[in-house]
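Asker: need the 3D shape of this:
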Amino acid sequence: MSGAPKRRVFPAGPRPSYGAPPVPAPSHSPAYARYVLGILFVVFVFNFVDRQILAILLEPIKADLGASDTAMGFLTGIAFALFYTVAGIPIARIADRGSRRTVIAVGLALWSGMTALSGMAQTFAQLALARVGVGVGEAACSPPAHSLLADYFPPERRATALAIYAMGIHVGILVGFIVGGWANQLLGWRQAFFIVGLPGLVLAIVVRLTVREPVRGIADGLAHATETPSVSEALGILRHLGSLRHMALGAGLHSFAGYGLAAWGPAFLARVHHMGSAEIGTWLGLITGFGGMIGAVLGGTLADRLGARDERWRLWVPTIASIVEVPLLYAFLLWPTPGPALAIALPGILAGAMWLGPVFATTQTLVRPDMRALTSAVLLFVINLIGLGLGPQAVGVLNDVLKGTFGAEAIRYSLLLVGLTNLWAAAHFALAARDVRQDLRRVTTLTPARSGAA
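Answerer: A predicted model of the protein is given here:
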């Protein structure tokens, strides 16, 4: 191909083959595909252990470093999310053009090392810089992982596979809360960072040596273009996908409430219900972990089964789940005693995890194979800028604003206000469902050509 690639818009109708010769049959076995899913799931567990352990350590770090709630909200939110989101797009571009397994392995080594270094911080500024490093490293995880899994699992099984991968969020929170809570109580918060950070360096070697690169597009029967579109060309394609815009906004708003609760939930239980860090870590970790795992798999399974009849179900599932989550969240926050409140939290967390598989899988199916990591990075840019960046920060600011009126109870009302964004998220998921059938049939792409294995 010579000169600038030509843009071609496919009309409504069956999914196009991009005009390329058929790709070879997959060279990997179903068992190996499950192995890759399993190893990437473990990587994502480490991703969230290292990301969320700060929440269970928030109170002792605040006391040790003398920081305000607003400052701690910055540390758990913007300090991480800003660099995570900014680094995500160029890293995804590298993954779309090169070795996805290498990108994941290097990122894993970086964020694990920076997590361990967090335990050596003597000032708030030093800890903030370490968290920036964690954010840059973790930006190399999900976009290439989503792209790899889309090449190992066909569209009819993709939501379930990506939902299993997304369970790493909740298993990571479970491990982070339990290990962090007990390590803090027994050894101190600095040692907790060492304990969770160092094993990731070994896992990075395993990923690089055992995960193979499949042919891009092989699970869809497609070959990717030899000339991958530029970032500006790819973003131009994505702007035409109304369902992707609404999915990103819905997921971002849902994550605004979710990350706010994940970052400040332990502090809520400590301040309002006077629970200790080990007790909080154990109960909140188990409830979040198992509730989230069940919800993620249930959401992905329902999306695959119901979506086989009507593609809109892939987004109606997160729409319904987001609405159901709100009254359950409010019951958890308003219940006067901790035992029943934690029991009520379980179905709320389950409903809150159901959007993950459907949204991630639909995103991968909407675009051509050599744009998948970039598209995932764009989705995660919105999710993490709105959710991870602003959610914890908003709760921290509201805590300081409401403290004069409500005292220790201020955190309860901050989380109640932030939780309302789930209804706004549900509206965007519903709008995405309205557009998704048209977007799946009207694919905008660049003139393609056959390519070999990565």
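
Asker: so what's T288 up against?
Answerer: Neighbouring residues of T288 by Cβ atoms under 8 Å, 6 or more residues apart in numbering: H170, I173, L174, F177, A262, A345, I349. Heads up, the C-betas are built off the backbone N, CA and C, glycines and all.

Asker: residues near the closest residue to P155 other than its chain neighbours, how many?
Answerer: Spatial nearest neighbour of P155, excluding adjacent residues (Cβ to Cβ, 6 or more residues apart in numbering): T365 at 5.2 Å. Look at T365: counted by other Cβ atoms under 10 Å, it has 22 neighbours.

Asker: T365 falls within a strand, correct?
Answerer: No. Under DSSP: H, G, I helix; E, B strand; the rest coil, T365 sits outside any strand and is assigned helix.

Asker: was I right to think it contacts A161?
Answerer: No. The pair T365 and A161 fails to qualify as a contact (Cβ atoms under 8 Å) at a distance of 12.0 Å.

Asker: for the residue nearest to P155, give its distance to F268.
Answerer: For T365, the distance to F268 equals 38 Å [Cβ to Cβ, to the nearest Å].

Asker: could you do L423 as well?
Answerer: The value you get for L423 to F268, if Cβ to Cβ is used, is 21 Å.

Asker: now V136
Answerer: V136 is 30 Å from F268, by Cβ to Cβ.

Asker: part of a helix, is V215?
Answerer: No. Counting by three-state DSSP, V215 is not part of a helix but coil.

Asker: can you list phi and psi of it for me?
Answerer: With angles defined as degrees, to the nearest 10, V215 sits at phi -60, psi 130.

Asker: check R368 too.
Answerer: phi -70, psi 160.

Asker: cool, G276 as well?
Answerer: phi -80, psi 170.

Asker: looks like it contacts Q185 (just checking).
Answerer: Yes. Using Cβ under 8 Å, G276 is in contact with Q185, at 7.0 Å.

Asker: any stretches of this protein with poor pLDDT?
Answerer: Within the chain, the stretches with pLDDT under 70 are 1-27, 218-229, 442-454.

Asker: for G77, state which of the contacts of T288 is nearest.
Answerer: G77 has its nearest neighbour among the contacts of T288 in A262, at 10.8 Å by Cβ to Cβ.

Asker: quick one, what contacts the closest one?
Answerer: Contacts of A262 (Cβ under 8 Å, 6+ apart): Q52, A55, I173, T288.

Asker: and L302, by the same measure?
Answerer: W313, V317, M354.

Asker: tell me, how many residues neighbour V132?
Answerer: Neighbours around V132, by other Cβ under 10 Å: 17.

Asker: in which helix or strand does it reside?
Answerer: Taking DSSP states H and E as the definition, one finds V132 inside helix 124-138.

Asker: can I get that helix in PDB? Just the C-alpha atoms.
Answerer: Backbone C-alpha positions of helix 124-138 (Å, rounded to 0.1, in the frame of the first residue of the first chain) are rendered in PDB as follows:
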ATOM      1  CA  PHE A 124       3.300  13.100  51.100                       C
ATOM      2  CA  ALA A 125       5.000  14.300  48.000                       C
ATOM      3  CA  GLN A 126       7.200  11.200  47.800                       C
ATOM      4  CA  LEU A 127       4.200   9.000  48.200                       C
ATOM      5  CA  ALA A 128       2.400  11.000  45.500                       C
ATOM      6  CA  LEU A 129       5.300  10.500  43.100                       C
ATOM      7  CA  ALA A 130       5.300   6.800  43.700                       C
ATOM      8  CA  ARG A 131       1.600   6.600  43.000                       C
ATOM      9  CA  VAL A 132       2.200   8.400  39.700                       C
ATOM     10  CA  GLY A 133       4.700   5.600  38.800                       C
ATOM     11  CA  VAL A 134       2.100   3.000  39.700                       C
ATOM     12  CA  GLY A 135      -0.400   4.800  37.400                       C
ATOM     13  CA  VAL A 136       1.900   4.900  34.400                       C
ATOM     14  CA  GLY A 137       2.700   1.200  34.800                       C
ATOM     15  CA  GLU A 138      -0.900   0.100  35.200                       C
END
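
Asker: determine the set of other helices and strands touching that helix.
Answerer: Counting contacts by 3 or more Cβ pairs under 8 Å, 6 or more residues apart in numbering; DSSP states H and E, helix 124-138 packs against helix 30-56, helix 58-65, helix 69-76, helix 78-97, helix 100-118.

Asker: mean neighbour count and distance to Y330 added to the ones you listed, as CSV?
Answerer: Below are those laid out as CSV (neighbours: other Cβ atoms under 10 Å; distance: least, Cβ to Cβ, whole Å):
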stretch, mean neighbour count, distance to Y330
helix 30-56, 21, 21
helix 58-65, 18, 23
helix 69-76, 23, 22
helix 78-97, 22, 26
helix 100-118, 23, 34
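
Asker: redo the ones you listed as JSON lines? Include distance to V395.
Answerer: Shown next, in JSON lines, are the helices and strands packed on helix 124-138 (distance: least, Cβ to Cβ, whole Å):
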{"stretch": "helix 30-56", "distance to V395": "11"}
{"stretch": "helix 58-65", "distance to V395": "11"}
{"stretch": "helix 69-76", "distance to V395": "6"}
{"stretch": "helix 78-97", "distance to V395": "13"}
{"stretch": "helix 100-118", "distance to V395": "21"}
